[in-house]
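In: Provided below are the primary sequence and the corresponding predicted coordinates.
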Amino acid sequence: MELALLPPIILAIAEQRSLDAVLSAIVTAVANQPEVALARVWLRDTDRSCPLCATTPSTSDDEALHLRASAGHPVDPQSDWSRADGTFHRVSLSSSLKIARIANTGLPIRIDPLDRDDQWVRFPEWVVKERLRAFAGQPLIFRGETLGVIGAFRRIALSDGCSEWLRTLSDAAAVAVKNARALEEADSLRRALELERDYLREEVREAGAFGKILGRSPTLGRVLREVDTVAATDTSVLILGESGTGKELVARAVHERSRRADKPLVKVNCGSIPRELFESEFFGHVRGAFTGAVRDRIGRFQLANGGTLFLDEVGEIPLDLQAKLLRVLQEGEFERVGEDVTRRVNVRVLAATNRDLQKEIADGRFRLDLFYRLGVFPIEVPPLRARPEDIPDLIGHFVRQSCERLHLPVPRLPVRELDKARDYDWPGNVRELQNAVERAVILARGGPLQLSLPPTGQPAAVQPLEVPHESRHEADEIISERRWQDLERANVMRALRHSGFRLYGARGAAELLGLNAGTLASRLKKLGIRVTELRRTRIEPIRGATSSTATSPPDRQQ
């Protein structure tokens, strides 16, 4: 072993990027020296960070030496000295083995001759069989920290030059190991950040336009008190409520008030996942696990490790997957699709649904044990009609938000429109209110805001057309196309008179007919109805309708 040959060896080791490649280069360089029979590298680590030990169920957090690379030239052709498993794979730091002594003291050990040693040699017959003569062990020390141990067995006696060569190599190897670990950690953090970035981008695209819970009603106050009560715990929460009530906002509030707030909140919309991809979405998969799996994919549970997982529309999860979900909730363990490695996660689960899960259980579509596990602390989000006091604040918020996003002037909010909104039932809840406000802001164009809602909270509709007695048809009589157009024209004319010839806006003909503006314009053209001429002839509108001249839109609205 000549020191003059070390520089290219050290350079070749330093050029490796991954830890495994660095360790392989180290043992290969040592094993290729004259009369070296076996070279090995142990690293100081925990069972969870060792690739071999991490796959076994009984893992420990105690530090030990783990054999990570091995190379050599056995006398017995049946022996494989490239394997890292075996009797000396895990060496406890509290043991009396020579490898543990080197790691604990930071001092090298030199044994020559081996066949006469009665302190360190565990298997004398193996030493004789492989004609081993000497052993040299050097610690891998970087800035005072012992990273591991290099061990080499020779078939000839050791010399001072050989020990110096191994010491010099171990110093360079320690730097290479530290750098490789730093690069792998940086790469792992980069991948985690990329995954979180991609997920957050997806969340931004899917998230609603409102980002906080607004309202001062007693009903909403009760919900917020429940959120504060359960947020400090790690209890599973089941959020119930109609569609559009803001269940996701409640889930975010629970997460942001918890001690997991600095960790990710990962959302899974269970209603949008194809049945065959549920398991991969939840737990991830490895490359080649199924057709189309061209690379490894991390699942949402692993992405949410340490944080919170929000299962929206949890009632949509297939029955056969519910058992696997229950296992993760109870034991914190899962396997990726196509992989036998058991992984552990620490995730708090929040679930939401607008289904009646009790009925789903009775119908055999939802597991009772999963329901009990998810519903430890249920929170019921009230519908918007149960908290009308919050509607003005919500309208004001959505108006400002829509105007800022659409670059439109802020319209005036008439009291009558706020009263109309409070009287409406809002079957779509806050989501419907948000959409109604945005539509009204677009139509207002700087004028007063007018919500297109019936005052009684029921959908607007034109009264059935009164057909004269002599023109009524039996139910089974076929109406000709010409007669059908006459009936349609009469119906549109009736809507125009009801609205005072106002085409669009609140109580306009388009709203009464249930048509959008473009469809009504096409319908008028098809039927040959010219609203301008009707206004000029001053046809009397139906009693109670809007004035046909004072509030009529310009002719271009046809």
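Out: Happy to help now that I have it.
In: Now do the domain split for the chain, please.
Out: 3-184, 207-382, 385-444, 469-557 (automatic domain parsing).
In: With mean neighbour count, distance to Ala192 and mean pLDDT as added columns, please give those domains in CSV.
Out: Where C-beta positions appear, they are placed from N, C-alpha and C, glycine not excepted. What follows is these, written out as CSV (neighbours: other Cβ atoms under 10 Å; distance: least, Cβ to Cβ, whole Å; pLDDT from 0 to 100):
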stretch, mean neighbour count, distance to Ala192, mean pLDDT
domain 3-184, 17, 12, 87
domain 207-382, 17, 8, 89
domain 385-444, 17, 32, 90
domain 469-557, 14, 46, 64
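In: how about these in CSV, adding distance to Gln450?
Out: Formatted as CSV, these follow (distance: least, Cβ to Cβ, whole Å):
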stretch, distance to Gln450
domain 3-184, 61
domain 207-382, 21
domain 385-444, 6
domain 469-557, 4
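In: Looking at the ones you listed, which is nearest to Ser452?
Out: Among the domains of the chain, the nearest to Ser452 by Cβ to Cβ is domain 469-557 (5.5 Å).
In: so how far is Gln322 from Phe310?
Out: Applying Cβ to Cβ, to the nearest Å, the value for Phe310 to Gln322 is 17 Å.
In: residue ranges of the strands in the stretch 301-450 of the chain, please?
Out: Using DSSP state E, counting those that start in this stretch, the strands of the stretch 301-450 of the chain run over 308-312, 333-335, 342-344, 348-353, 377-380.
In: so what does the second one touch, helix or strand wise?
Out: Applying 3 or more Cβ pairs under 8 Å, 6 or more residues apart in numbering; DSSP states H and E, we find strand 333-335 packed against helix 278-283, helix 319-331, strand 342-344.
In: Please identify which of the domains of the chain is closest to Glu194.
Out: That would be domain 207-382 among the domains of the chain, by Cβ to Cβ, at 10.4 Å.
In: A helix includes Ala39, no?
Out: No: applying DSSP: H, G, I helix; E, B strand; the rest coil, one finds Ala39 to be strand, outside a helix.
In: How much space separates it from Ala440?
Out: As judged by Cβ to Cβ, Ala39 and Ala440 stand 78 Å apart.
In: swap in Pro218?
Out: Distance from Pro218 to Ala440, by Cβ to Cβ: 28 Å.
In: now do Val266
Out: 35 Å.
In: and what of Glu15?
Out: According to Cβ to Cβ, Glu15 and Ala440 sit 66 Å apart.
In: again with Ala12
Out: Counting by Cβ to Cβ, the separation of Ala12 from Ala440 is 71 Å.
In: same question, Glu276
Out: The gap separating Glu276 from Ala440 is 42 Å, by Cβ to Cβ.
In: Verify the stated contact: Arg373 with Thr235.
Out: No: if you go by Cβ atoms under 8 Å, Arg373 and Thr235 don't touch, sitting 10.6 Å apart.
In: what's the longest helix in the chain?
Out: In the chain, with assignment by DSSP state H, the single longest helix is helix 160-206.
In: How about the secondary structure of the spatially most central residue of the chain?
Out: A centroid search over the chain (Cα atoms, centre = their mean) returns Val266, at 3.7 Å, as the residue closest to the centre. Here Val266 is strand, with the state taken from three-state DSSP.
In: just checking, it touches Leu309?
Out: Yes: between Val266 and Leu309 there is a contact at 5.2 Å, judged by Cβ under 8 Å.
In: list residues touching both of these two?
Out: Shared contacts of Val266 and Leu309 (Cβ atoms under 8 Å, 6 or more residues apart in numbering): Arg300.
In: For Leu406, which residues are in contact?
Out: Glu438, Val441, Ile442.
In: try Ile9
Out: Ala29, Leu169.
In: what's the answer for the one 10 residues further on, then?
Out: Contacts here follow Cβ under 8 Å, 6+ apart; on that basis Leu19 touches Arg68, Val177, Ala180, Arg181, Glu184.
In: Could you pull up phi and psi at Phe88?
Out: phi -100, psi 20 (degrees, to the nearest 10).
In: surely it meets Leu67?
Out: Yes: look at Phe88 against Leu67 with Cβ under 8 Å: they come within range, at 6.1 Å.
In: Show me how far stretch 397-417 is from its chain's centre.
Out: 33 Å (Cα atoms, centre = their mean, to the nearest Å).
In: From start to finish, how long is that stretch in a straight line?
Out: By Cα to Cα, to the nearest Å, the extent of stretch 397-417 from end to end equals 15 Å.
In: Wait, Arg260 touches Asn305, no?
Out: No: the pair Arg260 and Asn305 fails to qualify as a contact (Cβ under 8 Å) at a distance of 10.6 Å.
In: still on that earlier bit, kindly reformat the helices and strands packed on strand 333-335 as a markdown table and extend each row with distance to Asp45.
Out: Output for those, formatted as a markdown table (distance: least, Cβ to Cβ, whole Å):
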| stretch | distance to Asp45 |
| --- | --- |
| helix 278-283 | 26 |
| helix 319-331 | 25 |
| strand 342-344 | 17 |
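In: So for Gly72, which of these sits nearest?
Out: strand 342-344 (32.6 Å).
In: Listing partners with orientation, what would you give for that closest one?
Out: strand 333-335 (antiparallel) (DSSP bridges).
In: Contacts for the partner strand, please.
Out: Outside strand 333-335, the residues touching it (Cβ under 8 Å, 6+ apart) are Phe282, Phe283, Gly299, Phe301, Lys324, Arg327, Val328, Val341, Thr342, Arg343, Arg344, Val345.
In: Which parts of the stretch 51-200 of the chain are helices?
Out: 98-105, 124-129, 160-206 (DSSP state H, counting those that start in this stretch).
In: Arrange the ones you listed in TSV, one row each, with distance to Ile379 as further columns.
Out: As requested, these are exported to TSV (distance: least, Cβ to Cβ, whole Å):
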stretch	distance to Ile379
helix 98-105	53
helix 124-129	65
helix 160-206	21
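In: is it true that Leu453 touches Ala421?
Out: Yes: counting by Cβ under 8 Å, Leu453 does reach Ala421; the two are 6.8 Å apart.
In: which ones are touching the nearest residue to Gly306 once chain neighbours are set aside?
Out: Excluding the flanking residues, the one nearest Gly306 by Cβ to Cβ, 6 or more residues apart in numbering is Lys263, at 4.5 Å. When contacts are counted by Cβ under 8 Å, 6+ apart, Lys263 touches Ala304, Gly306, Gly307, Thr308.
In: and the last one, how far is that from Glu226?
Out: In this view, Thr308 and Glu226 are 17 Å apart by Cβ to Cβ.
In: just the third one next, same as before
Out: When Cβ to Cβ is applied, the distance between Gly307 and Glu226 equals 21 Å.
In: Surely Leu67 and Arg40 touch.
Out: Yes: counting by Cβ under 8 Å, Arg40 is a contact partner of Leu67 at 6.1 Å.
In: Just tell me which of the domains of the chain ends up closest to Arg190.
Out: domain 3-184 (10.2 Å).
In: hang on, the earlier thing: between the contacts of Leu19, which is closest to Arg191?
Out: If you rank the contacts of Leu19 by distance to Arg191 using Cβ to Cβ, Glu184 comes first, at 10.5 Å.
In: so the closest one sits right up against Ser18, yeah?
Out: Yes: in terms of Cβ under 8 Å, Glu184 counts as a neighbour of Ser18; the distance is 6.6 Å.
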